[in-house]
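In: When you get a sec, could you give me coordinates for this:
(2 chains)
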Amino acid sequence: MELKFILEAILFSAQKPLNPRELRELLAAAAEHGEQAKPFKKTKEDAIVAALEELQKDHEAAQRSYRLACVAGAWQFASQPEFAPWIIALVGSKARPPRLSQPALETLAIIAYRQPLTRAEIEQIRGVAVDGVMQTLLERGLVEETGRAEVVGRPKTYGTTPIFLEYFGLRSLEDLPAADELRRIPVTKPEQLLTADPGLATTPPEQLALDDVESMESKPSPESPPPT
Amino acid sequence: MAEYKVQFEVFEGPLDLLLYLIKKEEVDIYEVNLTRLATQFIEYVEVMRMLDLEIAGEFLVMASTLMYIKSRELLPKEQQVQNVEEDDGEDPRWELIRQLVEYKKFKDAATQLQAREWEQEHTFPRLPIRPEEPAPSAPPRGEASLFDLINAVTEVLKRVGQREDLREIFEDKWSVSEKIEFLVKLTTEKASVKFSELFSGATSRAEVVCTFLALLELIRLRQLVCVQSSDFGEIEITRASSPPQPLIATDAPGQPNLS
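Out: Residues are numbered from 1 along each chain as shown, chains lettered A, B, ... in the order given. Below is the predicted model of the structure:
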């Protein structure tokens, strides 16, 4: 018998999402209930995770109407979103709070990728105060205080909670889209920065008379090599 | 499509407005003409003023930064500050572009989160029906009523009232939202928490009241469940069973902020 099918059977009948530790304990306990369960008595969590990931890929490849989902480290079967109308007709809509506003999502994204960070650091990125939005995020339990920064004034730092992972159906923070890129944003300085057109600033000031639009139209196309 | 767009959109902050203007220009952030952008930005701020919209201070700060960048460019080249190109931190143009690029990436990340939010809202976990013959069942426990809770908190308040040193004036330093966080954290760490445990560290009546209001709010949001195994017995607080739900904040009633 293959480990992944045993795990599939367990998760198929499970009342709640199970994490690898709970699954390992189950495999150990099952040895009491049957001869065939004995070989799996000492299965390690790594092996369980690997088997679950394989199972997840199997289901994905089979393009079933449900998938094996891992949310905040716990695994369970869940229907695919495109089948929502039928499930809603069956069990009713999910009891979920209203969707997050755009500013709330942006602030949350900044916290998720850059945690732990202070309110001032969030505001620096967004370029606008975040007090109201932070209040909402804290009340919804999506973010929490994580400590204090070792800078003047020791401001509070913030990070995301397990509720955040659950709300967005994320396995872990590593599961955030483009996580590596956004944690340390590589912003490389281009060879030249355009403010006014090259050469424009060398003309005497009195000839500049705010003809930005005109000069913009005569600007060389971006493809042409920068003048040296 | 752009022609049918409402002429004026409300922006969250100055960076949003700048990104919008850049998008309108259909150029890469790195290739944008900042002088032109400065003019457009200030035009928008003027319109906002005209419409009597509340302009955040951040807009005015940004407008002045843009004006500074623009004014520097108006100087003949030989009169411009010489060392600006050598030090990245000194060039305000670069600083602004860097900030825009960074912000844009987080905006994109927010869009992806929004897609996940929708997806998760439409994903239903498999929750089979409980088997007919239950395993050794837990003792029947009733959910504590509001009166049970008020009764319990009255006991706590009596105790705290006795402890309080009346000669000193205490600063109110607790808020309901803070206590909500505390309760969520506590119940995530422990499967079940006794009612009295919630207040064991409370030092004043105000703090007890805050914690209690936070508890009521979480019960209302179906985040927590309070059970009382016997009449007038100890109340136990646990996280509400699946599906896990984040807290509702937007429709929360006006909370007394005691901080």
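
In: and the helix or strand where A:E54 lies, what does it pack onto?
Out: Assessed by DSSP states H and E, A:E54 sits inside helix A:45-62. Packing contacts for helix A:45-62, counted by 3 or more C-beta pairs under 8 Å, 6 or more residues apart in numbering or on different chains; DSSP states H and E, involve helix A:3-13, helix A:20-30, strand A:66-71. Every C-beta, even on glycine, is put in place using the N, C-alpha and C of the backbone.

In: Can you report how many residues neighbour B:Q114?
Out: 17 (other C-beta atoms under 10 Å in any protein chain shown).

In: buried residues in the host helix or strand of B:A206?
Out: Using DSSP H and E, B:A206 falls within helix B:205-220. Neighbour-count burial for helix B:205-220, counted by 16 or more other C-beta atoms under 10 Å in any protein chain shown, picks out B:205-219.

In: count of neighbours near A:G169?
Out: A count of neighbours around A:G169, defined by other C-beta under 10 Å, yields 19.

In: What is the one helix or strand A:Y167 maps to packed up against?
Out: Under the criterion DSSP H and E, the helix or strand holding A:Y167 is helix A:162-168. Where contact means 3+ C-beta pairs under 8 Å, 6+ apart, helix A:162-168 is packed against helix B:92-121.

In: now the helix it packs on: mean pLDDT?
Out: The average pLDDT for helix B:92-121 rounds to 89.

In: With stretch B:225-242 instead?
Out: Stretch B:225-242 shows an average pLDDT of 76 in the prediction.

In: Do you have the strands of chain A handy? List them.
Out: A:66-71, A:74-79, A:117-118, A:143-148, A:156-160 (DSSP state E).

In: what about the residue of chain A found nearest chain B, distance to A:L100?
Out: The minimum distance from chain A to chain B, using C-beta to the nearest C-beta, falls at A:V128 (3.0 Å). With distances taken as C-beta to C-beta, to the nearest Å, A:V128 is found 17 Å from A:L100.

In: More neighbours: which of the two?
Out: A:L100 (25 against 22).

In: for the more buried one, what are its contacts?
Out: Applying C-beta atoms under 8 Å, 6 or more residues apart in numbering or on different chains to A:L100 gives the contacts A:L108, A:T136, B:Q114, B:E117.

In: Quick check: the farthest pair among the residues you listed?
Out: For the contacts of A:L100, with distances taken as C-beta to C-beta, the pair at the greatest spread is A:T136 and B:Q114 (15.2 Å).

In: Mind listing what's buried along stretch B:37-47?
Out: Within stretch B:37-47, the residues that qualify as buried are B:L37, B:A38, B:T39, B:Q40, B:F41, B:I42, B:Y44, B:V45, counting by 16+ other C-beta under 10 Å.

In: For the closest residue to chain A within the stretch 1-150 of chain B, grab the count of nearby residues.
Out: When scored by C-beta to the nearest C-beta, the stretch 1-150 of chain B has B:G13 as its residue closest to chain A, at 3.0 Å. As a burial measure, B:G13 scores 21 neighbours (other C-beta under 10 Å).

In: so what pLDDT did the closest residue in space to it that isn't next to it in sequence get?
Out: Nearest residue to B:G13, sequence neighbours excluded (C-beta to C-beta, 6 or more residues apart in numbering or on different chains): A:V128, at 3.0 Å. At A:V128, the model reports a pLDDT of 85.

In: now the one 5 residues further on
Out: Among the per-residue scores, A:V133 shows a pLDDT of 89.

In: Now do the contacts for it.
Out: A:S101, A:P103, A:A104, A:T107.

In: Who wins on neighbours among those residues?
Out: A:T107 (29 neighbours).

In: so it sits right up against A:D131, yeah?
Out: No: look at A:T107 against A:D131 with C-beta atoms under 8 Å: they stay out of range, at 10.4 Å.

In: From chain A, how far off is B:I235?
Out: Separation of B:I235 from chain A (C-beta to the nearest C-beta, to the nearest Å): 22 Å.

In: Next: B:I219.
Out: 14 Å.

In: Name the nearest residue to that residue, sequence neighbours excluded.
Out: Leaving aside its sequence neighbours, B:I219 sits nearest to B:C226 (C-beta to C-beta, 6+ apart; 6.4 Å).

In: that's a strand at the one you found, yeah?
Out: Yes: using DSSP: H, G, I helix; E, B strand; the rest coil, the assignment for B:C226 is a strand.

In: what sits opposite it in the beta ladder?
Out: B:C226 forms beta bridges with B:I237, as assigned by DSSP bridges.

In: For it, which residues are in contact?
Out: Neighbour list for B:C226: B:E143, B:A144, B:D148, B:L149, B:F195, B:L215, B:I219, B:I235, B:E236, B:I237 [criterion: C-beta under 8 Å, 6+ apart].

In: From those residues, list just the buried residues.
Out: Buried, going by 16+ other C-beta under 10 Å: B:A144, B:D148, B:L149, B:F195, B:L215, B:I219, B:I235, B:E236, B:I237, out of those.

In: circling back to that earlier point, and the angle for the helix holding B:A206 with strand B:224-228?
Out: With axes from the mean of the first three to the mean of the last three C-alpha atoms, to 10 degrees defining the directions, helix B:205-220 sits at 100 degrees from strand B:224-228.

In: Reformat the strands of chain A as a markdown table; add mean pLDDT, mean neighbour count and distance to chain B.
Out: Below are those laid out as a markdown table (pLDDT from 0 to 100; neighbours: other C-beta atoms under 10 Å in any protein chain shown; distance: least, C-beta to the nearest C-beta, whole Å):
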| stretch | mean pLDDT | mean neighbour count | distance to chain B |
| --- | --- | --- | --- |
| strand A:66-71 | 92 | 20 | 7 |
| strand A:74-79 | 93 | 21 | 4 |
| strand A:117-118 | 94 | 18 | 12 |
| strand A:143-148 | 93 | 17 | 5 |
| strand A:156-160 | 95 | 19 | 11 |
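
In: Out of those, which gets nearest to B:V184?
Out: Closest among the strands of chain A, once you apply C-beta to C-beta, is strand A:143-148, at 7.8 Å.

In: Can I get that closest one as CSV, trimmed to CA atoms?
Out: Only the C-alpha atoms of strand A:143-148 are listed here, as CSV (Å, rounded to 0.1, in the frame of the first residue of the first chain):
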residue,chain,number,x,y,z
VAL,A,143,-2.2,41.2,11.3
GLU,A,144,-0.8,41.6,14.8
GLU,A,145,1.9,43.3,16.7
THR,A,146,5.0,41.3,16.7
GLY,A,147,7.3,43.3,18.9
ARG,A,148,9.1,46.6,18.8
